[in-house]
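>>> build me a structure from this.
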Amino acid sequence: MPRRNTGPRLGHWLLTGFVLLIFAFLMLPLLVVFPISLSSASYLQFPPPGFSWQWYERYFGDPDWIDATIRSFQIAGVCTALSMALGVPLSFLLVRSRRRGIWILDRLAAAPIIVPTIILSIAIYSIFAQLRLIGAWYGIAIAHTVLALPFVVILVSAGLRGFDESQEQAAIGLGASWPMAIWRVTLPQLRPSLISAGFLAFISSFDELVVAMFLAGAEKTLPKKMFDNIMMEIDPTIAAVSVTQILLVAVCLGLTTLFGKGALATTMSR
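Take a look at the predicted model:
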């Protein structure tokens, strides 16, 4: 009997085991943070001597924490709207344009991912200081848009490259104008990419710290408030805030998967 080739199967199991080990290593801190957020102790202690909701009550009952949270939601919402409004047309330009030198614009759109955030923060700070935008929440939203824009461009461009452009041409041939064909034919089929890009832009803004440290001033965002809390006073409140933030990100990722697949299934059934 010929010997079975077990090499690929063994490699698959080894790769799976290695990925699971990395995932477990990354998730291991959650086994500490979640119990500490429910600790009855007055300081960071693991394992907790008892369980209590006091730190969540302190977080939701503290006006400073709530103001920082609301401000982060406000900034992330504006950042998402701006990055989508700029990123979607830019993606169409990068994918559909046949002009020479368009690759330069493509590289510039991806630059915020390549350039270290600290370098971008210093550059943005020098510009915003002259415009007197330091401490203004909308200034932070504009700066976050610069950081979130590449994610929108990459995801929407990937969706456009997989889209059959002949459907758009058929709609135009049947009498639809080009904007109407984009709105009624192209964008509905790009809905999974659009939803994913929107949630990713929101998360990247909501969790961003470095730019906020340069531009926030006295108007703290939630990540900056968390950083200041760690520097000045460490108590289990920071664990409660961290758990809340982790759950929010998990919900956003879950909604991205749910609505992305649902939108794709709806589009394919039409």
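>>> so residue 117 touches residue 147, yeah?
Yes: taking contacts as C-beta atoms under 8 Å, residue 117 lies within contact range of residue 147: 7.2 Å. C-beta: built from backbone N, CA, C; applies to glycine.
>>> do you know the pLDDT at residue 3?
Residue 3 is assigned 55 on the pLDDT scale.
>>> give the contact list for residue 23.
Residues near residue 23 by C-beta atoms under 8 Å, 6 or more residues apart in numbering: none.
>>> you'd agree it is in a strand?
No: under DSSP: H, G, I helix; E, B strand; the rest coil, residue 23 falls outside any strand and is assigned helix.
>>> show me the shaky parts of the stretch 1-150 of the chain.
In the predicted model of the stretch 1-150 of the chain, residues 1-8, 45 satisfy pLDDT under 70.
>>> let me see the ranges of the helices in it.
Assignment of helices within the stretch 1-150 of the chain using DSSP state H, counting those that start in this stretch yields the ranges 7-27, 30-37, 54-61, 63-96, 102-114, 117-131, 137-161.
>>> now these in TSV, with distance to residue 182?
TSV is the format used below for these (distance: least, C-beta to C-beta, whole Å):
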stretch	distance to residue 182
helix 7-27	39
helix 30-37	43
helix 54-61	44
helix 63-96	8
helix 102-114	19
helix 117-131	32
helix 137-161	11
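>>> isn't residue 82 right next to residue 142, touching?
Yes: using C-beta under 8 Å, residue 82 is in contact with residue 142, at 7.2 Å.
>>> of those two, who's got more company?
residue 82 (21 against 18; other C-beta atoms under 10 Å).
>>> now do the same contact list for the more buried one.
So residue 82 contacts 141-142, 145 (C-beta under 8 Å, 6+ apart).
>>> again, only using 10 Å
138, 141-142, 144-146, 148-149, 152, 201, 205 (C-beta atoms under 10 Å, 6 or more residues apart in numbering).
>>> contacts for stretch 109-122, please.
86-87, 90-91, 93-94, 107, 123, 143, 145-154, 157, 208-215.
>>> same question for stretch 92-100.
In contact with stretch 92-100 (C-beta under 10 Å, 6+ apart) are residues 102-103, 105-106, 109, 153, 156-161, 163, 165, 168, 182, 186.
>>> ditto for stretch 237-248
29-30, 32-39, 44, 46, 48, 53-60, 62, 65, 68-69, 72-73, 202-203, 206-207, 222-223, 225-227, 229-230.
>>> 8 Å instead?
If you take C-beta under 8 Å, 6+ apart as the criterion, stretch 237-248 is touched by 30, 33-34, 36-37, 39, 44, 55-56, 58-59, 62, 65, 206-207, 222, 226, 229-230.
>>> name the nearest residue to residue 72, sequence neighbours excluded.
residue 222 (4.1 Å; C-beta to C-beta, 6 or more residues apart in numbering).
>>> wait, that neighbour sits on residue 206?
Yes: at 7.4 Å, residue 222 counts as touching residue 206 under the criterion of C-beta under 8 Å.
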